[in-house]
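K.L.:
okay, predicted coordinates and the sequence, questions at the end:
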Amino acid sequence: MGESKNDTPFDNPESDQCHCPICLEKVRNPKYLPCYHTFCESYIQTYISSTATRKDNETLKSMIECPVCRRCIEAPRNDISSEDWASELPKNKLILTLSVDPGQDENKNCMFCKRLEKTVLANHWCKSCIEAICEDCKSLHRAAPSLQNHKIVKLSNIKEVNSEIEIEESCPLHTGKVIDVFCHDHQELCCSVCLVKQHKLCKNVNTLEDKAHEVDRESIRKTAFKYISLEKTVQDILLENQNKVSELNTRKQEICMTTEEKVQEIKSLVDNAHAMWLKRFEQNHADSVGNIEIASEELRRFFTTVHEARTMLQSVLKSGSSKQLFVTNYKLQNQISDHITRLKSLDIWKFPEDYKQYNSDFLSQISNTNEFEDVVLSKQQSTAVDRILLGAQDMSKKDWMKVTFNKLSQITGFSERVYYGLFIHDTKIVLSLSDPPSLKIYDISKATGECIHTEKCQDKPHGICHSGLSLNEIYVSFKNFINHYRIDVAETTTFTILKTIQLEEPMLAISCGPTAAFAANDTKRMICSLDFSVIHSSAYKHSGVVPFVASSLISDLHCFIRDEMVIVVDGNNKEIFRSTRHGNLRGLAFDLKDNTFVCKHKSTKLKQFKCDKSESRDIVLEGMTETYNVILHPAGEKILVLDYCKKCCVYQIS
């Protein structure tokens, strides 16, 4: 991130504090649910008492929803009280350890002796028991085999007490067992019983001690910074929702005022019609605003998940051991991934956009129908989940050199060959066509894609790419200028030109990364600023009908084809990688780990090169005849492959 350790938010004491999502105070006696969200024991007990419900059959277990992510949690057994349920939830020992203060009164006397009703001054701290002990109890630790491996330090050495924290994580399935291995085949943390019962045939299993040696703290530090960016994205969306509610309220008031002026002119005839109209409008408005509030509440819950994850990861980065860092990072990434999956599954993202009143001739309406014509509400699909997915894109746990491709949809019957395309939604793509000049939107939610909109263009469109975090905002190159579009797909599809950029050099293929843009024409390739001002240009000769370039979604890398090789350069045009020669290479794209996909003309396969040059592979794609260009969904979920034989296919990546 380009920051020194002293400049990071990890050194802010407030950011290290873990807070209960219910009471919003520093968590006390922390207990966690199976989804890993942590709460004060007293508050989660109150929550269980007030919200626990039974399934349809009264003899079955009670259940609750997590206050943060809404995951359904079953009681451990039938007829359990809320007090026992909360008491039996596992303690979050990591939070207890991270927040320990050896100077507190409860830590001044030996806890072992206190249980024997003796008061003995403590002078040591057992990091495994998380308790203060005296000299005699320290000796007892050395004598008892089960306690010999406990880490004991002097209580006076606060720095040593609060460093290299490492606790034994309890297995959620087997009482009394601790997590000590990681199964790569199932991507699961396991205890010894899990290993014997469920993973004895797994070939790729490591101890946590082995995994601790592989932990890359800098990579996890970058993940923590990514959580900060993701928090900001959610905050921005919430603010946009708040502003949209304000805009809708303003528009409602404007229309009501206009309507009221007309009503006064014919008051004696329209009082009843006006009252009925207003009642319907108020109800529609309440429903519209209520939908935004429901979505905002879900986003606030997700913000809590991200905030908790960031706070925990920062704390463990500062004080935890490498093993603890690995376990915590794994659990938090699963937690965020599960919450995003739930957000995607909710049917709440079709937002009200604006009110329209097409006819205010109320006297005519009263004469004909005895009622006012209703105000029309327009809606559009929210980009909130898309932006969250893009904000979390490089947190992917995929091994991109092993992902598989399952065909979802196919589009055929083009009147001409299509060379450039882009995802503008999970189920919508846009393609650039030259004859007649147009941009076509296709719905790919079914096995056979369907054209749902054609946007005619005055000039011939060429390359297209995203302009930022919103999938529905794109750049389209018209060779000598670039249009910045916002595409809204709702009941109707609209293209809005946000800006037109006049180009210094003609540009056919274009792509945008986080910090720079990349472009090419028939004779030059160019590295540009994000407004397409040329920073560097080089002579270039493409193979095939049109040029192809690609930019990384997570770094400053760009790639292109030269002399039948894939060439990768950074933002300063320094060469990072070149492949061996492979004839007839065409379109290409980066994955979310900066490996490159490349199409090979007259081949049904997709080639993939690993970013560190160590390996490559051929990927067989169902339905392909001659691969010609490849486009990755920015969230890494899907891939679009254009076929030279006037068709294209969309594949799910898993």
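P.N.:
Alright, I've got the coordinates. Numbers count the residues shown, from 1 in each chain.
K.L.:
least confident secondary structure element in this protein?
P.N.:
The helix or strand of the chain with the poorest confidence is helix 13-16; it has a mean of 49 (mean pLDDT, DSSP states H and E).
K.L.:
can you pull out the residues in contact with whichever helix or strand comes after that helix?
P.N.:
As assigned by DSSP states H and E, the chain's next helix or strand after helix 13-16 is strand 30-32. Residues outside strand 30-32 that contact it (C-beta atoms under 8 Å, 6 or more residues apart in numbering) are 18, 20, 38-41, 44, 86, 89-92, 95-96. C-beta here means a position set from N, CA and C on the backbone, and glycine is covered the same way.
K.L.:
which of these are buried?
P.N.:
18, 20, 38-41, 44, 86, 89-90, 92, 95 (16 or more other C-beta atoms under 10 Å).
K.L.:
ok, now which ones touch the closest residue to residue 177 other than its chain neighbours?
P.N.:
Nearest residue to residue 177 in three dimensions, chain neighbours excluded: residue 191, at 3.8 Å (C-beta to C-beta, 6 or more residues apart in numbering). For residue 191, the contact set (C-beta under 8 Å, 6+ apart) comprises 171, 173-174, 177-181.
K.L.:
could you rerun that using 10 Å?
P.N.:
169-174, 176-181, 197 (C-beta atoms under 10 Å, 6 or more residues apart in numbering).
K.L.:
let's have the residues you listed in a markdown table, adding pLDDT and distance to residue 498.
P.N.:
Shown next, in a markdown table, are the contacts of residue 191 (pLDDT from 0 to 100; distance: C-beta to C-beta, whole Å):
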| residue | pLDDT | distance to residue 498 |
| --- | --- | --- |
| 169 | 78 | 50 |
| 170 | 78 | 53 |
| 171 | 83 | 53 |
| 172 | 77 | 50 |
| 173 | 79 | 53 |
| 174 | 83 | 57 |
| 176 | 77 | 61 |
| 177 | 85 | 58 |
| 178 | 83 | 56 |
| 179 | 86 | 51 |
| 180 | 88 | 55 |
| 181 | 91 | 53 |
| 197 | 89 | 58 |
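K.L.:
okay, now the nearest residue to residue 134 once chain neighbours are set aside: neighbour count?
P.N.:
Distance criterion C-beta to C-beta, 6+ apart; nearest residue to residue 134, sequence neighbours excluded, is residue 110 at 3.9 Å. Counted by other C-beta atoms under 10 Å, the residues lying close to residue 110 total 24.
K.L.:
for residue 110, what are its contacts?
P.N.:
Counting by C-beta under 10 Å, 6+ apart, residue 110 has contacts 116, 118-124, 131-138.
K.L.:
residue 247 - nearest residue in space that isn't next to it in sequence?
P.N.:
residue 354 (8.0 Å).
K.L.:
beta partners for the one you found?
P.N.:
Beta bridges link residue 354 to residue 378, judged by DSSP bridges.
K.L.:
and which of the contacts of residue 110 is nearest to residue 450?
P.N.:
Residue 450 lies nearest to residue 131 out of these, by C-beta to C-beta, at 66.1 Å.
K.L.:
surely the closest one and residue 137 touch.
P.N.:
Yes: in this structure, residue 131 is within contact of residue 137 by C-beta atoms under 10 Å, at 9.1 Å.
K.L.:
show me where the chain has helices.
P.N.:
Using DSSP state H, the helices of the chain run over 13-16, 41-51, 82-88, 93-98, 111-115, 135-143, 158-161, 192-198, 208-214, 217-265, 267-319, 322-345, 362-369, 384-391.
K.L.:
got the ones you listed as CSV, with distance to residue 645 columns?
P.N.:
Converted to CSV, the helices of the chain look like this (distance: least, C-beta to C-beta, whole Å):
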stretch, distance to residue 645
helix 13-16, 55
helix 41-51, 58
helix 82-88, 62
helix 93-98, 56
helix 111-115, 75
helix 135-143, 74
helix 158-161, 68
helix 192-198, 47
helix 208-214, 45
helix 217-265, 40
helix 267-319, 42
helix 322-345, 33
helix 362-369, 56
helix 384-391, 31
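K.L.:
returning to that earlier point: and the contacts of residue 110, which are buried?
P.N.:
The neighbour-count test (16+ other C-beta under 10 Å) marks 120, 122, 124, 131-134, 137-138 as buried among these.
K.L.:
tell me which two of these sit farthest apart.
P.N.:
Farthest-apart pair in the buried ones among the contacts of residue 110 is 120 and 131; separation 12.7 Å (C-beta to C-beta).
K.L.:
strand partners of the strand ranked longest in the chain, parallel vs antiparallel please.
P.N.:
Scanning the chain for the strand with the most residues, using DSSP state E, yields strand 493-507. Paired with strand 493-507 in the same sheet, following DSSP bridges, are strand 479-489 (antiparallel).
K.L.:
shaky segments in this protein?
P.N.:
1-17, 54-60, 99-106, 158-166, 393-397, 469 (pLDDT under 70).
K.L.:
how is it carved up into domains?
P.N.:
Under the assignment automatic domain parsing, the domains of the chain span 9-170, 171-214, 220-393, 398-653.
K.L.:
identify the contacts common to residue 120 and residue 131.
P.N.:
Contact criterion C-beta under 10 Å, 6+ apart; residues shared by residue 120 and residue 131: 110-112, 114, 137.
K.L.:
can you list those in CSV and add distance to residue 495?
P.N.:
Listed next are the shared contacts of residue 120 and residue 131 as CSV, based on distance: C-beta to C-beta, whole Å:
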residue, distance to residue 495
110, 74
111, 69
112, 73
114, 73
137, 74
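K.L.:
residue 492: which of those is nearest?
P.N.:
Of all the shared contacts of residue 120 and residue 131, residue 111 has the smallest distance to residue 492: 69.3 Å, by C-beta to C-beta.
K.L.:
partners of the residue lying closest to that closest one once chain neighbours are set aside in the sheet?
P.N.:
Excluding its sequence neighbours, the residue lying closest to residue 111 (C-beta to C-beta, 6+ apart) is residue 131, at 4.2 Å. Note on residue 131: beta-bridge partners residue 126, judged by DSSP bridges.
K.L.:
ok, residue 457 - contacts?
P.N.:
Per C-beta under 10 Å, 6+ apart, neighbours of residue 457: 432-434, 436-439, 476, 478, 483, 495.
K.L.:
same deal with residue 367?
P.N.:
With contact taken as C-beta under 10 Å, 6+ apart, residue 367 is in contact with 266, 269, 361.
K.L.:
can you do 6 Å?
P.N.:
Contact criterion C-beta atoms under 6 Å, 6 or more residues apart in numbering gives no residues in contact with residue 367.
K.L.:
tell me which of the helices of the chain is the most buried.
P.N.:
Of all the helices of the chain, helix 384-391 has the most neighbours on average by mean count of other C-beta atoms under 10 Å, namely a mean of 23.
K.L.:
okay, the closest residue to residue 564 other than its chain neighbours and residue 620: tell me how far apart.
P.N.:
Of all residues not flanking residue 564 in the chain, residue 581 sits nearest, at 4.6 Å (C-beta to C-beta, 6+ apart). Per C-beta to C-beta, to the nearest Å, residue 581 is found 22 Å from residue 620.
K.L.:
and what of residue 205?
P.N.:
For residue 205, the distance to residue 620 equals 30 Å [C-beta to C-beta].
K.L.:
these two: which is more packed in?
P.N.:
Neighbours were counted for residue 205 and for residue 620 using other C-beta under 10 Å; residue 205 has more, 17 against 10.
K.L.:
done for today, thanks.
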